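> With the input below, show me the fold.
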Amino acid sequence: DDDIQAFSAFNDTAGYCGMKLSVSLLKAVFTTYMETRKPYMQSYFQLCNDEGLAADDTFKFSKSIRVKSEGGSVRPFFASCTAVSLNGKVPMARLKYTKANSEMDVLLADLKKARINAGVPTLKRYETDNVTGDKLLLETHFPELRDGVDEYAPPNPTKCARGTIKSENITYILETTALINWCRTMASYREKVKAGTKYGLDGEWSLGMDLLATLQLSYPNEKVVVINLHKMGINAPEKCPKALKSLLEDENLVACGRQIGGDCGRLVKIGIRMPQRCELRTLALMHDPEQNGTSLQDLALHYLSVYIAKEAQLEDWTRHPLPSKLIMYAALDALISRKIGEEISRRLRTKRSCGFPMVEEPENLKPGVQVSLRLSGRIVAEGNISFVGSQTEKRKWGGITIGAKKALVALKVVLVPNIKPPILFVQKKSVLNPTGETSWDDTTTLGG
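Numbers count the residues shown, from 1 in each chain. Below is the predicted model:
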């Protein structure tokens, strides 16, 4: 041991020219090594690709990486994503800041470029422990995963017939010009139908979207129309055709749908406000308050004796071209919605004619009716009803049974400013109140 000479100083050319290890030195060596090897590693990764892939996130490695900050140390990475091919090699290994799909979008896009650059076969197999979360993302980047795969037909748990619609009964609209022309052809239809005619309305969107990707409309004696709003770029009020806005805001037509509030809320974002709409759940409970299931699938079974599958809700509705099976799925939902609305209305009329107490809407309780808002017996403001909410329980208005609705009133004139908002409203001259004076008390006045 005594024969071993000590390392010399760095600038001592006569000795070993040794260098004392330090944190900064190790970082510099590692960085230099990685920068040098990076092109070779990328090339090696590309050669690891084949027809299959299995990927998963792990948190063990990312937990050991910490960065010092003013408040202490933090973990900059959420997880690391590693993919393994069928041959057991690693074609992708990356650290992720979050678990958001936006990060995976970038990684999968780069992986696809690497596969193309390496000239490997198309991806035919992907293994994951999160099919629901990964399916849309993967099929967006690797649509070939659907090639040669037989569509899964979910089992029909009932003895009822499966709901279907023929392609010749569907009009699929992809271009703005075609949409405007179709809306114009509906002008004569709108003139012929009776006020209060129900039509089916439904919308589809992908996870994370706050706008409708497609809009489906089913009018009596007309083909079901599927409108690809996403393809046309209708994502703001200024981009919405006036002809479509005019059609959907027609007060003589009533849109029917399950969870129609969500669809209408998304239509508001493109400048369309539905004056007349009917929530099928509410309508069904008016007919039979004791029924349990009120999903569109349940209502189709109960009122139409038809079974409809709902698995396509999780599909990517923004991809183009949209598969024909999704177009037919979307059209069927709108058609079923209209048929359910018509059938429940028919049964309600029958039940009413038999003397059953029914929840009904007075003709003068609707958007556009002029109202006065009263507080402590005096009129404090005037306006018009702009929206009437859903009804789920029975209450009285005069001698008529109505739902426990809440009305949105657009104020026109404030007569007594700087007071607490009124809690009651009364209608001006009407069938129930021909004199225009208050003719009911707290128990018969609709709360607002």
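> Okay, strands next: where are they in the stretch 151-300 of the chain?
Defined through DSSP state E, counting those that start in this stretch, the strands belonging to the stretch 151-300 of the chain, from first to last, are 161-162, 170-173, 197-204, 214-218, 224-228, 253-257, 277-279.
> what's the closest of these to Trp317?
strand 197-204 (4.6 Å; C-beta to C-beta). From N, CA and C alone the C-beta is placed, and that goes for glycine too.
> What pairs with that closest one, parallel or antiparallel?
Each strand that strand 197-204 pairs with, and the sense of that pairing, follows from DSSP bridges: strand 214-218 (antiparallel), strand 253-257 (parallel).
> In TSV, list those along with mean neighbour count.
Written out in TSV, the entries for the strands paired with strand 197-204 read as follows (neighbours: other C-beta atoms under 10 Å):
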stretch	mean neighbour count
strand 214-218	27
strand 253-257	25
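> would you list the ones you listed in JSON lines and tack on distance to Ile327?
Converted to JSON lines, these look like this (distance: least, C-beta to C-beta, whole Å):
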{"stretch": "strand 214-218", "distance to Ile327": "8"}
{"stretch": "strand 253-257", "distance to Ile327": "18"}
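> Out of those, flag the one nearest Lys112.
Put simply, out of these the one that sits nearest Lys112 is strand 214-218, at 26.3 Å, with distance taken as C-beta to C-beta.
> Specify the angle between the closest one and strand 224-228 in degrees.
Here strand 214-218 points in a direction 170 degrees away from that of strand 224-228 (axes from the mean of the first three to the mean of the last three C-alpha atoms, to 10 degrees).
> pLDDT on strand 214-218, on average?
Strand 214-218 shows an average pLDDT of 97 in the prediction.
> any residues touching that strand, and which ones?
If you take C-beta atoms under 8 Å, 6 or more residues apart in numbering as the criterion, strand 214-218 is touched by 199-205, 224-230, 263, 267, 317, 322, 330-331, 333-335, 337-338.
> mind exporting that strand as CSV, just the C-alpha atoms?
Below are the C-alpha coordinates for strand 214-218, written out as CSV (Å, rounded to 0.1, in the frame of the first residue of the first chain):
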residue,chain,number,x,y,z
THR,A,214,-72.2,16.2,-32.9
LEU,A,215,-75.8,17.3,-32.6
GLN,A,216,-78.7,14.9,-33.5
LEU,A,217,-82.2,16.0,-34.4
SER,A,218,-85.2,13.7,-35.0
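> Sketch out the low-pLDDT regions of the chain for me.
Confidence mapping of the chain against pLDDT under 70 gives the ranges 1-20, 132, 151-155, 351-366, 376, 387-407, 418-448.
> Would you mind finding the longest strand in it?
The single longest strand within the chain, with elements called by DSSP state E, is strand 378-388.
> Pairing partners for it, with directions?
strand 370-375 (antiparallel), strand 407-414 (antiparallel).
> Would you mind writing the CA trace of the longest one as CSV?
When you say that, I think you mean strand 407-414. Taking Å, rounded to 0.1, in the frame of the first residue of the first chain, the C-alpha atoms of strand 407-414 are listed here in CSV:
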residue,chain,number,x,y,z
ALA,A,407,-88.9,30.6,-13.2
LEU,A,408,-86.1,32.9,-14.5
VAL,A,409,-87.5,36.4,-15.0
ALA,A,410,-85.8,38.9,-17.2
LEU,A,411,-86.4,42.3,-15.5
LYS,A,412,-87.5,45.2,-17.7
VAL,A,413,-88.3,47.8,-15.1
VAL,A,414,-87.3,48.1,-11.4
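> next one: that strand to chain centre, how far?
Using C-alpha atoms, centre = their mean, to the nearest Å, the mean C-alpha position of strand 407-414 is found 31 Å from that of the whole chain.
> Same question for the first one.
Here strand 370-375 shows a centroid-to-chain-centroid distance of 37 Å under the convention C-alpha atoms, centre = their mean.
> Show me which positions of it end up buried.
Residues of strand 370-375 classed as buried by neighbour count (16 or more other C-beta atoms under 10 Å): 371-375.
> rewinding a little: right, so of the strands paired with strand 378-388, which gets closest to Glu290?
Comparing the strands paired with strand 378-388 by C-beta to C-beta, strand 407-414 comes nearest, at 27.8 Å.
> Contacts for stretch 133-146 next, please.
Identification of contacts with stretch 133-146 by C-beta under 8 Å, 6+ apart yields 101, 104-105, 108-109, 111-112, 122-126, 128, 206-207, 314-316, 319.
> of those residues, buried ones?
Applying the neighbour count, that is 16+ other C-beta under 10 Å, the buried entries in those are 104, 108, 111, 123-124, 126, 206, 315-316, 319.
> Now distance to Tyr303 too, for the strands of the stretch 151-300 of the chain, in a markdown table please.
Below are those laid out as a markdown table (distance: least, C-beta to C-beta, whole Å):
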| stretch | distance to Tyr303 |
| --- | --- |
| strand 161-162 | 14 |
| strand 170-173 | 23 |
| strand 197-204 | 13 |
| strand 214-218 | 15 |
| strand 224-228 | 19 |
| strand 253-257 | 12 |
| strand 277-279 | 14 |
